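K.L.:
Structure for the following, please:
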Amino acid sequence: MWVRRDTGAIRPICIEIESPRKTWFNKGSRTPTAELTQAIDQLTEWKVWFSSPENQLIFAKTYAPRYSHRPVEPQFVLVYGRDSEFRAATSPHDNPDYMRQKRDHMPRDREHYYTYDQLAPEREAADYATLTYQVDAWSLHSVPPTFSTGYHITDMGEAISDPSEGLSRANLMSPERRAYIVERWEYWRKIAFSRHDYFITVGRE
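P.N.:
So this is what the prediction gives:
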């Protein structure tokens, strides 16, 4: 799950990631495979859970407590299979163009389906962190080696006192860089609790 927020809403993006080796449709019958049906059912489970106002309130207070007054507007993403299933030279189907059109018409309300070939790097993801929540406490699970500090980490700093465990999983990050981030994490954590109305920052560190 990736949780976005903006001035209008809290927007959880629930992502079901399946194998790139799985096929979308059965050869010859043009019907969805059982594996695809199961993956789509996972999206349905999430949609049912988020349809409850009580669950939406719990989610907002747990994952975005400062913004729990905003509406929760979830989106649902499926990453599944490869584009080769729908290319004439590699497709197992007799009419791959038709099957691609059928795939493109399958997503329901607030659903988005992608193959692995449609994924692309995102520059802003250089600072994305993976967090876990257990027993009323947040922990930093992992960060990319490109992770930087700055005012953008104050929300995480407020929730997590020590990032060391998560940083230890950044295999491509030098020990010196990890130590620097721990030091700056503490600095930005203090800023988070100071509640300054105005703060000047020069960007990423």
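K.L.:
Quick one: the strands in the protein, in order.
P.N.:
Counting by DSSP state E, one finds strands in the chain at the ranges 2-5, 10-17, 75-79, 111-114, 130-134, 137-142.
K.L.:
need the ones you listed in JSON lines with mean neighbour count, can you?
P.N.:
For the C-beta atoms, the positions are set from N, CA and C on the backbone; glycine is no exception. As requested, the strands of the chain are exported to JSON lines (neighbours: other C-beta atoms under 10 Å):
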{"stretch": "strand 2-5", "mean neighbour count": "14"}
{"stretch": "strand 10-17", "mean neighbour count": "18"}
{"stretch": "strand 75-79", "mean neighbour count": "19"}
{"stretch": "strand 111-114", "mean neighbour count": "16"}
{"stretch": "strand 130-134", "mean neighbour count": "11"}
{"stretch": "strand 137-142", "mean neighbour count": "15"}
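K.L.:
Using CSV, lay out these together with mean pLDDT and distance to residue 192.
P.N.:
CSV is the format used below for the strands of the chain (pLDDT from 0 to 100; distance: least, C-beta to C-beta, whole Å):
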stretch, mean pLDDT, distance to residue 192
strand 2-5, 88, 16
strand 10-17, 97, 19
strand 75-79, 98, 28
strand 111-114, 98, 33
strand 130-134, 88, 15
strand 137-142, 91, 13
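K.L.:
Those strands: which one's closest to residue 61?
P.N.:
Taking C-beta to C-beta, strand 10-17 is the member of the strands of the chain nearest to residue 61, at 10.5 Å.
K.L.:
Any idea how far the closest one is from the middle of the chain?
P.N.:
Remark: strand 10-17 is offset 6 Å from the chain centroid, using C-alpha atoms, centre = their mean, to the nearest Å.
K.L.:
got the strands of the chain as JSON lines, with distance to residue 59 columns?
P.N.:
Listed next are these as JSON lines, based on distance: least, C-beta to C-beta, whole Å:
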{"stretch": "strand 2-5", "distance to residue 59": "9"}
{"stretch": "strand 10-17", "distance to residue 59": "7"}
{"stretch": "strand 75-79", "distance to residue 59": "14"}
{"stretch": "strand 111-114", "distance to residue 59": "19"}
{"stretch": "strand 130-134", "distance to residue 59": "11"}
{"stretch": "strand 137-142", "distance to residue 59": "15"}
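K.L.:
looking at those strands, which is closest to residue 86?
P.N.:
Of all the strands of the chain, strand 111-114 sits nearest to residue 86, with 12.1 Å by C-beta to C-beta.
K.L.:
And the contacts of the closest one?
P.N.:
Residues outside strand 111-114 that contact it (C-beta atoms under 8 Å, 6 or more residues apart in numbering) are 43, 75, 76, 77, 78, 79, 80, 103, 106, 107.
K.L.:
The protein - how does it break down into domains?
P.N.:
Structural domains assigned to the chain are 2-118, 124-194, following automatic domain parsing.
K.L.:
Span of the first one from start to end?
P.N.:
With C-alpha to C-alpha, to the nearest Å as the measure, domain 2-118 spans 18 Å from end to end.
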